[in-house]
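> this is a predicted model, with the sequence first.
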Amino acid sequence: MSLGPAEVVKIAHLARLAIREQDVPAYARNLSAILELVAQMNAADTAGVAPMAHPLDMVQRLRADEVAEPDQRARFQAIAPRVEAGLYLVPKVIE
């Protein structure tokens, strides 16, 4: 798949990217090369290849899910400027 200059300008506009007019042909060549590589990868026969989540046949070591600190919510909310129903109230920043 080959991209033309008009398509590159449209993609740049949609992505909200500012590119200089003299750079458009280089972007068109580079993006076209990327799309050609993707097409080559899509053409590879992967019918007999089993999908894998990790290249090594190992499991992740996990720690026990245990409480390590006491609940200090009441202590922290006691010093907060404004609290309601267990939630911290903050000033509105978006209108």
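Perfect, I can see it now.

> longest helix anywhere in the protein?
In the chain, with assignment by DSSP state H, the single longest helix is helix 24-43.

> that one packs against which elements?
helix 5-14 (3 or more C-beta pairs under 8 Å, 6 or more residues apart in numbering; DSSP states H and E). (Glycine included, C-beta is placed from N, CA and C.)

> next, the angle from the helix it packs on to helix 24-43.
90 degrees (axes from the mean of the first three to the mean of the last three C-alpha atoms, to 10 degrees).

> still on that earlier bit, got the CA positions of the longest helix of the chain in PDB?
Provided in PDB are the C-alpha atoms of helix 24-43 (Å, rounded to 0.1, in the frame of the first residue of the first chain):
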ATOM      1  CA  VAL A  24       5.300  15.400   3.300                       C
ATOM      2  CA  PRO A  25       7.100  13.300   0.600                       C
ATOM      3  CA  ALA A  26       9.500  11.800   3.200                       C
ATOM      4  CA  TYR A  27       6.500  11.000   5.500                       C
ATOM      5  CA  ALA A  28       4.700   9.400   2.600                       C
ATOM      6  CA  ARG A  29       7.700   7.200   1.800                       C
ATOM      7  CA  ASN A  30       8.300   6.200   5.500                       C
ATOM      8  CA  LEU A  31       4.600   5.500   6.200                       C
ATOM      9  CA  SER A  32       4.300   3.500   2.900                       C
ATOM     10  CA  ALA A  33       7.400   1.400   3.900                       C
ATOM     11  CA  ILE A  34       5.800   0.700   7.300                       C
ATOM     12  CA  LEU A  35       2.500  -0.400   5.700                       C
ATOM     13  CA  GLU A  36       4.400  -2.600   3.200                       C
ATOM     14  CA  LEU A  37       6.200  -4.300   6.200                       C
ATOM     15  CA  VAL A  38       2.900  -4.900   7.900                       C
ATOM     16  CA  ALA A  39       1.500  -6.400   4.700                       C
ATOM     17  CA  GLN A  40       4.500  -8.700   4.500                       C
ATOM     18  CA  MET A  41       4.000  -9.800   8.100                       C
ATOM     19  CA  ASN A  42       0.300 -10.400   7.500                       C
ATOM     20  CA  ALA A  43       1.200 -12.600   4.500                       C
END
